[in-house]
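Undergrad: no sequence on this one, just coordinates:
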């Protein structure tokens, strides 16, 4: 039996127990005094907890007695490891809150490793934000590829490569059609850095994508340290991952503001990169990445609202004095290496660069134009057909004109129409399986497939049949002998 909050008197010959302390320590208990005995028992079940007898005018408590005492003694001898297994392997912090009366014996092996706890509850270590920063520009760059996106951009790209300078936080974005373009793009970027900034990239950090790991020989030749993140741990390349989110946030804002079709997502991403490099950030003390990179603040006078209506001067008018002098366009970004604006002609669908532009930044013309959904074109293999007619296809790719009877079909919904026979004439139609007249579906009139002409003459041998459909280069010699 354990009591807390007692007064320690080392010179006292005996231990005195306060009845009030005893009742508070054992919840739900009661004590009864008689002339010769004192009995401590459970107030509800009336089970005996302990007893004492009168001796010299005081009641001497003899301790816990009976079955309850044996249970208490057995409970107090249970180790901490047993309670750890009983309670489903809680942590040591949780076990520390158990009553001291039931968990008094410490574990024999305090530093023992619980294999079950690791197998059942192990989690990943927390990722601390990296405070390391490169000493200068291009000492460390972060690279990653985003995509591929389900809808190609106007240039046909489905990926974009992002490069972030660790020191200045400047970002470069390159639209890619295929991932294999990454190696050449990085090599061109390293050449640009060396020529324009008189710096050399010292370290490249990326994930384990094959578009980066295939450049190990190049990095070793140029003396560039290539750091890669662990498998399944994109947090170790978190600087460029967070920059991806930043770029996409700005790109979505530009797209939703101008209500441009999804095929212009590439222009939105490039414009977002241009704006991020010219926006002050608290990470750089209120400066812009452009300022840390070039040592001068950027010129913001050339910025315009993305997707707004603009009119560009039309230079080529075919020497016609009454021709139009302007082109109605939508503003689509900022071209690289040119002092002008990147525009999209609303009439011809052409992209071009011009410096003679008048902007209306509160009007968005692409939001008022309903663009049809882009049709996906797939390469459909041509089936074998029996008819001998070959549809001629011109070199320009124009489709042949349909027959005259097909041109006579109205644009109304197609229905199965049977011409009314002349009165007095009865048509005999044979019914039954295999006797019904088969008519090609009218839906097939919109498709023109490349057909192969096959000879109706029977082949002279089985080998000639295979020679018509196969090439011998893909068949082994043993199989040819069997034929």
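TA: Happy to help now that I have it. This one's a predicted model, so the numbers in the text were calculated from it and none came from an experiment. Numbers count the residues shown, from 1 in each chain.

Undergrad: Give me the contact list for the longest helix along the chain.
TA: The single longest helix within the chain, with elements called by DSSP state H, is helix 238-258. Contact partners of helix 238-258, identified using Cβ atoms under 8 Å, 6 or more residues apart in numbering, comprise 127, 130, 142-144, 146, 162-164, 166, 171, 173, 205, 234-235, 262, 264-265, 268-269, 271-273, 275-276, 305-308, 330, 364, 366-367. To be clear about C-beta, it is placed using only N, CA and C from the backbone, and glycine gets the same treatment.

Undergrad: cutoff 6 Å now
TA: Contacting residues not belonging to helix 238-258 are listed as 142, 144, 146, 162, 164, 171, 234, 268-269, 271-272, 306-307, 364 [Cβ atoms under 6 Å, 6 or more residues apart in numbering].

Undergrad: got the buried residues for it?
TA: For helix 238-258, burial by neighbour count (16 or more other Cβ atoms under 10 Å) applies to 239-241, 243-244, 246-247, 250-251, 254-255, 258.

Undergrad: With pLDDT as extra columns, can I get those in JSON lines?
TA: Below are the buried residues of helix 238-258 laid out as JSON lines (pLDDT from 0 to 100):
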{"residue": "239", "pLDDT": "87"}
{"residue": "240", "pLDDT": "89"}
{"residue": "241", "pLDDT": "90"}
{"residue": "243", "pLDDT": "92"}
{"residue": "244", "pLDDT": "92"}
{"residue": "246", "pLDDT": "92"}
{"residue": "247", "pLDDT": "94"}
{"residue": "250", "pLDDT": "93"}
{"residue": "251", "pLDDT": "94"}
{"residue": "254", "pLDDT": "93"}
{"residue": "255", "pLDDT": "93"}
{"residue": "258", "pLDDT": "92"}
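
Undergrad: ok, of these, which one's closest to residue 294?
TA: Among these, residue 243 lies closest to residue 294 (Cβ to Cβ), at 19.4 Å.

Undergrad: I'd like to know how far that closest one sits from residue 282.
TA: 16 Å (Cβ to Cβ, to the nearest Å).

Undergrad: just residue 264 next, same as before
TA: 31 Å.

Undergrad: Quick check on those two: which one has the bigger neighbour count.
TA: A direct count of neighbours by other Cβ atoms under 10 Å for residue 264 and residue 282 places residue 264 higher, at 22 against 7.

Undergrad: any idea how far the more buried one lies from residue 440?
TA: 41 Å.

Undergrad: and what of residue 326?
TA: For residue 326, the distance to residue 440 - Cβ to Cβ - is 51 Å.

Undergrad: These two: who's more crowded?
TA: residue 326 (13 against 7).

Undergrad: mind checking which helix or strand of this protein has the lowest mean pLDDT?
TA: helix 404-407 (a mean of 41; mean pLDDT, DSSP states H and E).

Undergrad: Please enumerate the helices of this protein.
TA: 19-25, 66-76, 80-86, 92-95, 115-121, 182-196, 210-213, 216-222, 238-258, 265-276, 289-294, 404-407, 462-469, 477-482.

Undergrad: how about CSV for the ones you listed, with distance to residue 56 added?
TA: Listed next are the helices of the chain as CSV, based on distance: least, Cβ to Cβ, whole Å:
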stretch, distance to residue 56
helix 19-25, 18
helix 66-76, 25
helix 80-86, 41
helix 92-95, 44
helix 115-121, 55
helix 182-196, 96
helix 210-213, 90
helix 216-222, 92
helix 238-258, 78
helix 265-276, 91
helix 289-294, 90
helix 404-407, 126
helix 462-469, 119
helix 477-482, 114
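
Undergrad: circling back: which one of the contacts of helix 238-258 is nearest residue 19?
TA: Ranked by distance to residue 19 (Cβ to Cβ), the contacts of helix 238-258 are led by residue 234 at 66.4 Å.

Undergrad: ok, and the closest non-adjacent residue to that closest one?
TA: Distance criterion Cβ to Cβ, 6 or more residues apart in numbering; nearest residue to residue 234, sequence neighbours excluded, is residue 241 at 5.6 Å.

Undergrad: just residue 283 next, same as before
TA: residue 169 (6.3 Å).

Undergrad: How about the contacts made by residue 292?
TA: residue 168.

Undergrad: Residue numbering should commence at 30 henceforth.
TA: Yep, numbering from 30; the last one is residue 321 now.

Undergrad: what's the spacing between it and residue 204?
TA: Here the criterion is Cβ to Cβ. By it, residue 321 lies 25 Å from residue 204.

Undergrad: what do you get for residue 263?
TA: Using Cβ to Cβ, which is the criterion applied here, residue 263 is 22 Å from residue 204.

Undergrad: more neighbours, these two?
TA: Remark: of residue 263 and residue 204, residue 204 carries more neighbours, 21 against 12, as counted by other Cβ under 10 Å.

Undergrad: Tell me if I'm right that the more buried one and residue 186 touch.
TA: Yes - look at residue 204 against residue 186 with Cβ atoms under 6 Å: they come within range, at 3.8 Å.

Undergrad: Spit out the residues that contact these two alike.
TA: Common contacts of residue 204 and residue 186 (Cβ under 6 Å, 6+ apart): residue 295.

Undergrad: all strands for this protein, in order.
TA: Taking DSSP state E as the criterion, the chain contains strands spanning 58-62, 66-71, 77-84, 87-93, 169-176, 188-194, 200-205, 232-235, 254-257, 338-342, 355-362, 370-374, 380-383, 386-389.

Undergrad: which stretch in these has the least confidence?
TA: Between the strands of the chain, the lowest average pLDDT goes to strand 87-93, which shows a mean of 73.

Undergrad: quick revisit: quick one: closest of the helices of the chain to residue 342.
TA: With Cβ to Cβ as the yardstick, what comes closest out of the helices of the chain is helix 294-305 (21.5 Å).

Undergrad: Show me what the mean pLDDT comes to for that closest one.
TA: The model assigns helix 294-305 a mean pLDDT of 95.

Undergrad: Which other helices and strands does it contact?
TA: Applying 3 or more Cβ pairs under 6 Å, 6 or more residues apart in numbering; DSSP states H and E, we find helix 294-305 packed against strand 200-205, helix 267-287, strand 355-362.

Undergrad: quick one: buried residues of the last one?
TA: For strand 355-362, the neighbour count (16+ other Cβ under 10 Å) marks 356, 358-362 as buried.
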